[in-house]
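In: This is a predicted model, with the sequence first.
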There are 6 protein chains.
Amino acid sequence: MSREKLLLKISGKIVNPDNPEIIARYADTIKKLVDEGKRIAVVVGGGRYSRAYIKCAKALGLNNAQADMIGIEIARVNALLLAYALGDYAYTPIPRSVEDVQRAWSSNKVVVVGGLQPGQSTAAVAAVVAETLGIGKMLYATDVDGVYDKDPKRFSNAKKLSVVSIDELVNFMSQRYEAGGYELLDPIAIQIIRRSCIEVIVFNGFETSNVEKVLRGESIGTKIVPCK
Amino acid sequence: MSREKLLLKISGKIVNPDNPEIIARYADTIKKLVDEGKRIAVVVGGGRYSRAYIKCAKALGLNNAQADMIGIEIARVNALLLAYALGDYAYTPIPRSVEDVQRAWSSNKVVVVGGLQPGQSTAAVAAVVAETLGIGKMLYATDVDGVYDKDPKRFSNAKKLSVVSIDELVNFMSQRYEAGGYELLDPIAIQIIRRSCIEVIVFNGFETSNVEKVLRGESIGTKIVPCK
Amino acid sequence: MSREKLLLKISGKIVNPDNPEIIARYADTIKKLVDEGKRIAVVVGGGRYSRAYIKCAKALGLNNAQADMIGIEIARVNALLLAYALGDYAYTPIPRSVEDVQRAWSSNKVVVVGGLQPGQSTAAVAAVVAETLGIGKMLYATDVDGVYDKDPKRFSNAKKLSVVSIDELVNFMSQRYEAGGYELLDPIAIQIIRRSCIEVIVFNGFETSNVEKVLRGESIGTKIVPCK
Amino acid sequence: MSREKLLLKISGKIVNPDNPEIIARYADTIKKLVDEGKRIAVVVGGGRYSRAYIKCAKALGLNNAQADMIGIEIARVNALLLAYALGDYAYTPIPRSVEDVQRAWSSNKVVVVGGLQPGQSTAAVAAVVAETLGIGKMLYATDVDGVYDKDPKRFSNAKKLSVVSIDELVNFMSQRYEAGGYELLDPIAIQIIRRSCIEVIVFNGFETSNVEKVLRGESIGTKIVPCK
Amino acid sequence: MSREKLLLKISGKIVNPDNPEIIARYADTIKKLVDEGKRIAVVVGGGRYSRAYIKCAKALGLNNAQADMIGIEIARVNALLLAYALGDYAYTPIPRSVEDVQRAWSSNKVVVVGGLQPGQSTAAVAAVVAETLGIGKMLYATDVDGVYDKDPKRFSNAKKLSVVSIDELVNFMSQRYEAGGYELLDPIAIQIIRRSCIEVIVFNGFETSNVEKVLRGESIGTKIVPCK
Amino acid sequence: MSREKLLLKISGKIVNPDNPEIIARYADTIKKLVDEGKRIAVVVGGGRYSRAYIKCAKALGLNNAQADMIGIEIARVNALLLAYALGDYAYTPIPRSVEDVQRAWSSNKVVVVGGLQPGQSTAAVAAVVAETLGIGKMLYATDVDGVYDKDPKRFSNAKKLSVVSIDELVNFMSQRYEAGGYELLDPIAIQIIRRSCIEVIVFNGFETSNVEKVLRGESIGTKIVPCK
């Protein structure tokens, strides 16, 4: 009853129909973790297919919530690809609300989620799901190697950080906003990670073996320390 | 209480995120029909995005039912694009089962459906929805001008038929099967159309004005006569 | 996680309120199979109570989809009888859509289904459920001993086949159609069985011990070979 | 927004598949009442098909709650027959809980219910539905002409009462209990009718014209006065 | 598959937000019982917060069913407190209908319920849930030490009964009704307990250790013998 | 089909069981707006009962998401009080997810919501609901008269602003954060209001006549201008 719990957040740039072999590898990795006794929740993003659909939503003059919902639906199809690849290890259909997530989790299966509500990033969904299910560790698989002290695309001397506190991260991000930076964690995600002290490890998710490396404690990517 | 009812089946080649302006025109056409007092159900297909997702499903080794479900989910996102474009004229969220379709129809709104169950074509879904809701006329918007007596791609003297009986159509199709032909209506669709005597008019759906032309009785496309 | 999976399709002529002792024996048989480690899905038909209700539906002038839905509801009550007889081995309530079937299956319990959608035979439901859940073997319990080379009611020299390919079966059935024959498998069922290579064993289901005989490999009934 | 509301409770002896013509007449009567501006909820019982299924449930050794649930499912199929006969006047699918009843009522359609929970008579369901929807008048269509001062089957001088207070009724019923009497209203129904002061008119429901007679104020059947 | 099953009914006077430490102790007790192999369903009442909300409902002029539903919602929040305290031992969200209860029970988790339908006491809910799930023993945790032969508040010589038959209990209660007595079990609860022969042990639930004492067979509280 | 739409957000300090007369007045006001042709969505908060339950959740050691969910449930009971007070004007039951909100809105009734997901303020819920339903104006009924340039509790010369831009508001709030200030709009609410240009009018909601004053254009409270 007290199995170790993990949340795996995978960018839609990684889990999408262009990458069946990566989805298959994630399925294998997750099955292995379950066989080792772990309980796993997964949150996946939408990727370029989401963007294509959202572009159409905007062209149609739909409002932002509707465009978000359209993007969420595509993330859910990505989630369904992974859930089906997990076979009987995973709960289907894909949960569509926080209550659904709880219902799915009650089955003891791997729960794969693709989005919940307009106005939230995938990172926020991951934080909400982790917090709801009492998961204290988020593996954040994305398309960069970790968090840098400067924007690595602009500064050749940017240095990857192996550990960063959530406060430092917020500082970096607010500087990058002004510099046209990107968002690793949106304000909702940061608030939840901080208040529930959820450890986040950011790493390059195109290399699925990184999941196990992170779990073995290897210094892959960047660990975000959420609290003192 | 006895408003005229129509089912509009639109190919996923037409209603998909590549074609926002066509979706917008369909939304306008449907709103106009509703304002004239008609009740409308719409069934849309998946198109090339469905195929991209299904291709991934196959590459993942998912079974045929799972691949179909993945394709249905994409058709549902297409349906959601159209439903949102219809604003308060349409019921949301997109119904996910025949019971959901009935529930949605009970709201008196336009009901947009994107697929129900593995092993069925969009045409079969359209037939099931029409029959369930007691709709006797299906407007079948597709990427060809109608039904031909021969395969127009192979025979330059192929002739578009303005009227065809369901029996003749089945004959044409069975011949084409052998010749590598395509499927306008699958066996489920044919069975339902025949048993419930649902009139089907096949026409080029890229030209949305054809919907109103068909309803005015203009000789557009091909009328399939389902029963004596 | 890789337990053997079976689909048991039982005719409504067998599982209905006239036959409590047969339902009880099926419950015992299924419990035993589960205790041996197997995962079981069951699809049951409507039988004569369905027909009584459908007859009323027709007399009321309901459309074919509505009459089918009425019949499906009765099949679901038959399913509920069996599910309750299975006690804590079975999932309740009875799933009402393919998504519901997946949700129920995620519980690791026996899932009993009674029908899903208008326009389908129980055999088609069984094929859809088997395919969705990745089940490769269907035990088809019916009121005849197997498949014959001729109609056994008309030809005294009709011979029961122990093995038949799906292609041969389709041939037999199309001949019988003309001769007023019956339908063992409708076109949807055939299509799914073929495309997903689901082995079907047809046997007399009034004798519940046949289930275990079939599973022990005894030559009971007729094996339909779905693919090369 | 303040349309007159009625609850029509019809015995399963009346609305069941043996009586399509009566179902059709009820459908016509209800449509007429709706066209006159009334809002209608209907609760139907199970009748002899329920009893056949419940008998099987008992033979299977199912518990009482399960037997009740089986009977409720049959009542729901009866409800579906009537709802389909009402066409677009009625909400479908049949509500399965009090929350479902509210959801259905929010559609402004006629809501037809067939049972909610084990341990309740159809009369109790009717009382719960009426109270929940704020309906103050219940038309109780059954197989007797009204309430008698003695059991009319045993006493030739039994007299039909045109008006009876709920307290008198409870007295009659408690006497009849001892004498092997029947239950018109179970304790739950009586409690709700009394606390919410719901007027009940009991009449012979095989004669559908009685519904309109009752509504016109003709002295048909027996009026149960629920409060001072 | 044949784990011992218990229903624990806890008064809303006990499980409510004023008593976190008691909720925590119940959670610990229930976890322990599960770890010993038992399956547990819990039904909790509303308590003083329910009454505050119901008082407002009455002041608003809501009908009795609506007031009951408001009270049920508060009991469900109490149920959710306990379910969350049980962590992964419990199913969430809180079931909202008998079908939901079955669905939740299919997960093999502890199921916590807070009310189902207007017009019922918490005891009736407990009886319905126990009967539905085939549970034969109800632990009835309340704010008195057991059943007395007279009202202990009025008679100093009132004697606590260690065993009482359901018939005797009904007699006591009917006398107390006239004397302004209270209701331990309402008529629905009594009917179900009797027909399904559910043993009920009434005890002081503020002392959570009583649960284990009762289960060890210690003579705590009053045992209600439901049948011969 | 193009009825004016409004979102009414009411603080849980106002709509809660302590204030039946205010709930009744809001019900009357909303009915009047509907009779004038407007479509209304309402979002209500939890108030002191939420806080009592959340306090217990914390004492139990529940995580933040669970505590939030507990508080949301209480806000939903507040919402149900108002929905019931609205009678047939309102949709029930209370929607529990964004999809539910859409489903409820499809009924053309007033939709009352009480919270959706952990980690969000009531203001964020209101913004999400408004955006989803395409509502451009939010009436923000709270316990202060509007937005002040300084904290009115600390500075006697604080001045109520009749108009403030969202940017100015964010500035005020960030200053107040440091000074122990409160949150009128959380970051999610601000982001959505800004991106979808939703006009917000903050006013004292204890005076229900303010709703109509605001709608008549009287200078009550503070108008937040969300975009240029």
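Out: Thanks, I have it.

In: what element comes up after the worst-scoring helix or strand of chain A on mean pLDDT heading to the C-terminus?
Out: In chain A, no helix or strand scores lower on mean pLDDT, DSSP states H and E than helix A:166-178, which sits at a mean of 74. Later in the chain than helix A:166-178, the nearest helix or strand by DSSP states H and E is helix A:187-195.

In: hmm, the helix or strand following that next one in reach of chain F?
Out: Note on helix A:187-195: by DSSP H and E, the next helix or strand toward the C-terminus is strand A:199-204. No: residues of strand A:199-204 are not located near chain F by CB under 8 Å from any CB of the partner chain, the shortest gap being 14.5 Å. All C-beta spots, glycine's among them, are computed from the backbone N, C-alpha and C.

In: Give me the distance from strand A:199-204 to the chain's centre.
Out: Relative to the chain's own centre, strand A:199-204 is displaced by 9 Å; criterion: CA atoms, centre = their mean, to the nearest Å.

In: Flag every buried residue along that strand.
Out: Using 16 or more other CB atoms under 10 Å in any protein chain shown as the test for burial, strand A:199-204 gives A:200-204.

In: which helices and strands does that strand pack with?
Out: Applying 3 or more CB pairs under 8 Å, 6 or more residues apart in numbering or on different chains; DSSP states H and E, we find strand A:199-204 packed against strand A:137-142, helix A:209-215, strand A:222-225.

In: Now do the helix of greatest length in chain A against helix F:187-195, angle only.
Out: When chain A is parsed with DSSP state H, its longest helix is helix A:64-85. Helix A:64-85 and helix F:187-195 are oriented at 120 degrees to each other (axes from the mean of the first three to the mean of the last three CA atoms, to 10 degrees).

In: same for helix A:64-85, what does it pack against?
Out: Packing contacts for helix A:64-85, counted by 3+ CB pairs under 8 Å, 6+ apart, involve helix A:20-35, strand A:39-44, helix A:47-59, strand A:111-113, helix B:47-59, helix B:64-85, helix F:122-132, helix F:187-195.

In: starting at the chain centroid, how far to the fourth one?
Out: For strand A:111-113, the separation from the chain centroid amounts to 11 Å (computed by CA atoms, centre = their mean).

In: List the neighbouring strands of that strand plus their orientation.
Out: Sheet partners assigned to strand A:111-113 using DSSP bridges are listed as strand A:39-44 (parallel).

In: which residues does residue A:224 form a beta bridge with?
Out: As for beta bridges, residue A:224 partners with residue A:164, residue A:200 under DSSP bridges.

In: How many residues are close by it?
Out: 25 (other CB atoms under 10 Å in any protein chain shown).

In: Tell me where the model's unsure across chain A.
Out: Applying pLDDT under 70 to chain A flags the ranges A:1, A:174-183.

In: So which bits of chain A are right by chain E?
Out: Taking CB under 8 Å from any CB as the measure of proximity, chain A contacts chain E at A:1-3, A:39, A:99, A:102-103, A:105-108, A:134.

In: how about these, which pair is most distant?
Out: Greatest spatial distance in these: A:2 and A:99, 23.8 Å, computed using CB to CB.

In: Neighbour count: those two, which is higher?
Out: residue A:99 (19 against 7).

In: That one should be in a strand, yeah?
Out: No: counting by DSSP: H, G, I helix; E, B strand; the rest coil, residue A:99 is not part of a strand but helix.

In: Number of residues surrounding the nearest residue to it once chain neighbours are set aside?
Out: The shortest distance from residue A:99 to any residue other than its chain neighbours is 4.7 Å, reached at residue E:93 (CB to CB, 6 or more residues apart in numbering or on different chains). When neighbours are defined as other CB under 10 Å, residue E:93 has 22 of them.

In: same check, this time on residue A:154
Out: 11.

In: That one belongs to a helix?
Out: No: assessed with three-state DSSP, residue A:154 is coil; it does not lie in a helix.

In: Single out the residue in chain A that lies closest to chain D.
Out: residue A:99 (14.0 Å; CB to the nearest CB).

In: How many neighbouring residues does residue A:209 have?
Out: By other CB under 10 Å, neighbour count at residue A:209 equals 10.

In: Return the residues of chain A in contact with chain F.
Out: A:63-66, A:69, A:96-100, A:116-120, A:124, A:127-128, A:131-132, A:134, A:187-188, A:191-192, A:195-196.

In: list the contacts for the residue nearest to the spatial centre of chain A?
Out: Chain A has residue A:9 as the residue nearest its centroid, 2.2 Å off, counting by CA atoms, centre = their mean. Contacts here follow CB atoms under 8 Å, 6 or more residues apart in numbering or on different chains; on that basis residue A:9 touches A:42-44, A:122-123, A:126, A:138-141.

In: in what helix or strand does it lie?
Out: Counting by DSSP H and E, residue A:9 is found in strand A:5-10.

In: Spell out which residues of chain A are next to chain B.
Out: Looking at chain B, the residues of chain A close enough under CB under 8 Å from any CB are A:17-21, A:23-24, A:27, A:49, A:52-53, A:55-57, A:59-62, A:66, A:69-70, A:73-74, A:76-77, A:80-81, A:84-85.

In: residues near the nearest residue to residue A:187 once chain neighbours are set aside, how many?
Out: Distance criterion CB to CB, 6+ apart; nearest residue to residue A:187, sequence neighbours excluded, is residue F:187 at 4.3 Å. If you count neighbours by other CB under 10 Å, residue F:187 ends up with 17.
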